[in-house]
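Student: mind folding the following:
(one chain, ligands or ions: 1)
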Amino acid sequence: MFEIPEYVTIARQMTESISGKRIAEGNLGNSPHKFVWYNLKPAEFAAGVKGKAVGKAYTRGRWLFVPVGDGHVLVFGECGGKILLHESASLLPKKYHLSLQFNDGTALSATTQMWGAMELYEKGRELERQYIRGMRTTPTEPEFSSTYLSALMKEAIANGNKTVKAILTQDQMIPGLGNAIAQDIMFRAKLHPKQPLEALQRNHVENLHQAILRTLEEAIRLGGRNDEFDLYGNPGRYVRLMDNNAAGHPCPECGTTIEKASYLGGACYFCPSCQRLL
Ligand SMILES: [Zn+2]
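Tutor: This is a model prediction of the structure:
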């Protein structure tokens, strides 16, 4: 699944390479998939994008916004899989869930792996969509301070998200983070995934805040994780510290064997020495 670094990378690359192109034809896919969320019928989508110019893409949390003409916004949300630019429409993949063919002969395809939204809205209406409406502050926004994080923790505890992994990955408390990047954040912050938030002192909150920002900065600088692909079909260059490859191997900090545990809908990878429960 894409998380913030992958979305930021694809939005930047879209702005570099498709902004200003005019859409000759749009298509809502040739491969039915019940977990792709569309808001329009194929003919409505085709009519909505035809002849329009693509604007500058931007992203928030796990949502990517692509202006289409002056009056519409194409929205990709909570996707995994691939969003790819093709030099020629003849290079479109066999199966995809959305395509745009441009006047200059190039094309874009989007294919989701598990689920994801691919929706076209009249400009402004996308902000009313569930999960976009009321989205909390994301860590790429300046308002995401350690004071903000500290207040969010109190809310998370009240909501039942009482541990470090829970605030990082559950209920979009911190939009755009997911199970992949959260492992490295917890390792950098030296916090155990099951660490109760209530026991954290001010310095722990500041370490966690710093770890979120540093990990995202690095993953964005490196074009996303190396198990995801960018707009040009290249894998990202961010190699996770704590993932399945690390389990059973020595911790890069202290040499203790990295452990794997299943917790809150996904595997956790952590160093039992560096990330002791407080
Ligand atoms: Zn360690």
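
Student: give me the contact list for whichever strand or helix holds Met14.
Tutor: Assessed by DSSP states H and E, Met14 sits inside helix 4-17. If you take CB atoms under 8 Å, 6 or more residues apart in numbering as the criterion, helix 4-17 is touched by 2, 54, 56-59, 61-64, 66, 83, 85, 138-140, 176-177, 181, 216, 219-220, 222-225, 228, 230-232, 236, 238. All C-beta spots, glycine's among them, are computed from the backbone N, C-alpha and C.

Student: are any of the residues you listed buried, and if so which?
Tutor: 2, 54, 57-59, 61-64, 66, 83, 85, 138-140, 176-177, 181, 216, 219-220, 223-225, 228, 230-231, 236, 238 (16 or more other CB atoms under 10 Å).

Student: these in strands, which ones?
Tutor: The members of those that map onto strands under DSSP state E are 58-59, 63-64, 66, 83, 85.

Student: dump those residues to a markdown table, plus distance to the ion and pLDDT.
Tutor: Shown next, in a markdown table, are those (distance: CB to the ion, whole Å; pLDDT from 0 to 100):
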| residue | distance to the ion | pLDDT |
| --- | --- | --- |
| Tyr58 | 38 | 97 |
| Thr59 | 33 | 97 |
| Trp63 | 35 | 97 |
| Leu64 | 36 | 97 |
| Val66 | 42 | 98 |
| Ile83 | 36 | 97 |
| Leu85 | 41 | 98 |
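
Student: biggest separation within those residues, which pair?
Tutor: Pairwise distances across these (CB to CB) peak at 19.6 Å, for the pair Trp63 and Leu85.

Student: contact residues of this protein facing the ion?
Tutor: Within the chain, the residues that sit near the ion (CB under 5 Å from the ion) are 251, 253-254, 256, 271, 273-274.

Student: if any of the residues you listed are buried, put those into a ChimeraX selection.
Tutor: With 16+ other CB under 10 Å as the criterion, this ChimeraX line picks the buried residues out of the residues of the chain next to the ion:
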select :251,271,274
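
Student: quick one: contacts for whatever residue of the stretch 51-200 of the chain ends up closest to the ion?
Tutor: The nearest approach of the stretch 51-200 of the chain to the ion comes at Phe187, 8.1 Å away (CB to the ion). By CB under 8 Å, 6+ apart, the residues touching Phe187 are 241-242, 270-271, 274-275.

Student: which ones among those map onto strands?
Tutor: Using DSSP E, the contacts of Phe187 in strands are Phe270.

Student: I'd like to know how far Glu3 sits from the ion.
Tutor: 24 Å (CB to the ion, to the nearest Å).

Student: dump the residue contacts of that residue.
Tutor: By CB under 8 Å, 6+ apart, the contact list for Glu3 reads 62, 176-178, 180-181, 225.

Student: possible to save those residues as CSV with pLDDT?
Tutor: Converted to CSV, these look like this (pLDDT from 0 to 100):
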residue, pLDDT
Arg62, 95
Gly176, 96
Leu177, 96
Gly178, 93
Ala180, 94
Ile181, 96
Arg225, 97
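
Student: so which of those are in helices?
Tutor: Secondary structure from DSSP state H places 180-181 of the contacts of Glu3 in helices.

Student: going by distance to Arg133, which of the contacts of Glu3 wins?
Tutor: Out of the contacts of Glu3, the member with the shortest distance to Arg133 (by CB to CB) is Arg62, at 14.3 Å.
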